[in-house]
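Asker: Sequence and predicted structure, then a few things I'm wondering about:
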Amino acid sequence: PAGGQPATGGPGSGAPQSAPSAVPPRPATAPRAISGAFVPDEVLVTLDGGDGVAAAVAQQFGLEVRSARVSNLLGRTVVRFGIPDGRPVGFVLAQLAGDGRLAARVPNHVFQLQQASGVVGYAFERIALDAAEASGANVSVAVIDTALDPEHPALAGAVAAELDALPDMAVKDRAHGTSISGLIVGHGPFRGMAPGARLLHARAFEGGVSSTDVLLSALDWAAEQGADIVNMSFVGPENPLFSAACRNAMERGIVLVAAVGNNGPGAPFGYPAAYDGVIAVTATDVHDALMGEANRGRYVDLAAPGVNVMAPIPGGMDAVTGTSFAAAIVSGAIANLMRSGVETDPLALAALLAETSVDLGPPGRDDDFGDGLINAKAAMARR
């Protein structure tokens with residue numbers, strides 16, 4: 001495919017099949033370059049209508065319907081079309097561009113979890129959150145991640161609702177989801193930032209990889225479950241459908257927190273963190289120094305501990321590093337703020353966190369630390 005590196009596997013990819021008997025029409029517009037990794041034999045579209053419209057589009061353009069569901073956040077049916085004859089994704093998107101039945105046409109971009117290779121307690125101290133008073137009770141936090149270890153003592157009884165957005169894929173990976181969820185709602189042998197919060201867990205990753213289609217279904221589910229906060233510790237390319245879903249979630253009052261990414265100073269912006277209104281979190285260490293592998297850019301909003309923080313893992317606990325874990329700490333801190341009565345409107349809350357943060361690096365906002373280190377105590381004092 002022109003302009004992008006196709007994904008090698010990932011959710012929803014399928015083997016090429018024999019070409020359809022119908023001859024697809026020529027592109028209405030020229031094929032366009034695609035930025036970022038994507039599933040090489042699929043496209044996503046939104047349309048008004050159901051299975052009948054999807055089937056008609058598939059027949060006309062030589063595609064196959066691999067899934068179709070109504071998205072509450074997007075207000076339309078999301079259809080995942082397979083390309084059975086090897087046509088490039090950019091070519092198919094160009095073919096579909098002139099069809100008035102379709103509202104949006106995008107690649108099925110691939111997203112990746114943000115964990116670096118890899119003490120206890122320093123996170124509470126650095127963000128000025130009293131561990132003895134940390135709660136988050138009655139606040140719903142959705143985690144979109146890998147599966148978690150439901151038998152881990154730190155997570156026993158913590159999951160209020162769960163979704164498997166990859167029902168046809170065997171569960172092999174539980175580490176990342178266990179750590180992220182534990183940092184937010186852990187209790188017992190490991191105290192998370194908001195041990196009283198209501199955990200909504202969506203399994204959307206396997207082998208560290210997911211796709212736009214899967215993430216859309218997980219975000220829709222989180223909204224339907226009444227999530228107050230959604231933690232997204234993953235990074236991928238900009239995708240118009242996922243952007244619209246995030247925007248609509250925030251308009252419903254849902255606070256979105258995302259990792260900025262672990263791909264280094266020269267990396268392109270990481271999404272969903274770079275979407276307007278999403279709280280984009282970078283990682284610092286016990287000395288408030290920036291994690292060297294962290295992405296940089298004007299979209300960075302806040303810093304939080306994410307280097308060698310202790311977290312639950314399947315079978316125990318270990319030190320973990322990455323902007324993923326910094327995002328989880330911010331999600332937990334926000335749950336405490338909501339519990340204490342702080343303004344919950346996403347934009348107002350983001351502004352409060354920016355105004356009360358501890359400036360790091362050069363004076364003022366910068367591309368490394370954003371507005372600075374989150375300060376839960378100062379934010380609570382302003383409620």
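Answerer: The structure has been received and is ready for your questions. Numbers count the residues shown, from 1 in each chain.
Asker: which strand is the longest one in the chain?
Answerer: strand 102-113 (DSSP state E).
Asker: That one: which residues count as buried?
Answerer: For strand 102-113, the neighbour count (16 or more other C-beta atoms under 10 Å) marks Leu102, Ala104, Arg105, Val106, Pro107, Asn108, His109, Val110, Phe111, Gln112, Leu113 as buried. C-beta: built from backbone N, CA, C; applies to glycine.
Asker: and if you look at stretch 155-171?
Answerer: Within stretch 155-171, judged by 16+ other C-beta under 10 Å, the buried ones are Leu155, Ala158, Val159, Ala160, Ala161, Glu162, Leu163, Ala165, Leu166.
Asker: okay, how far is it across that stretch, tip to tip?
Answerer: 18 Å (C-alpha to C-alpha, to the nearest Å).
Asker: Would you mind pulling the contact partners of that stretch?
Answerer: 11, 140, 147-150, 178, 181-182, 185-188, 198-206, 210, 214-215, 217-218, 221, 225, 312 (C-beta atoms under 8 Å, 6 or more residues apart in numbering).
Asker: any idea how far Ala97 is from the one residue sitting closest to the centre of the chain?
Answerer: Residue closest to the average C-alpha location in the chain (C-alpha atoms, centre = their mean): Met232, at 3.0 Å. Separation of Met232 from Ala97 (C-beta to C-beta, to the nearest Å): 29 Å.
Asker: next one: Ala267
Answerer: From Ala267 to Ala97 the distance is 30 Å (C-beta to C-beta).
Asker: Kindly report the same for Ala304.
Answerer: 42 Å.
Asker: what about Trp221, which helix or strand?
Answerer: helix 212-224 (DSSP states H and E).
Asker: Show me what that helix packs onto, helices and strands only.
Answerer: strand 38-47, strand 64-71, strand 76-82, strand 102-113, strand 140-145, strand 159-164, strand 198-203, helix 240-251 (3 or more C-beta pairs under 8 Å, 6 or more residues apart in numbering; DSSP states H and E).
Asker: what does the third one rub up against?
Answerer: Defining contact as C-beta under 8 Å, 6+ apart, one finds that strand 76-82 is touched by 12, 14, 41-50, 53-54, 57-58, 61, 63-71, 92, 103, 108, 213, 216, 241.
Asker: follow-up on the earlier one: so Ala304 and Ala97 - more neighbours on which side?
Answerer: Ala304 (27 against 15; other C-beta atoms under 10 Å).
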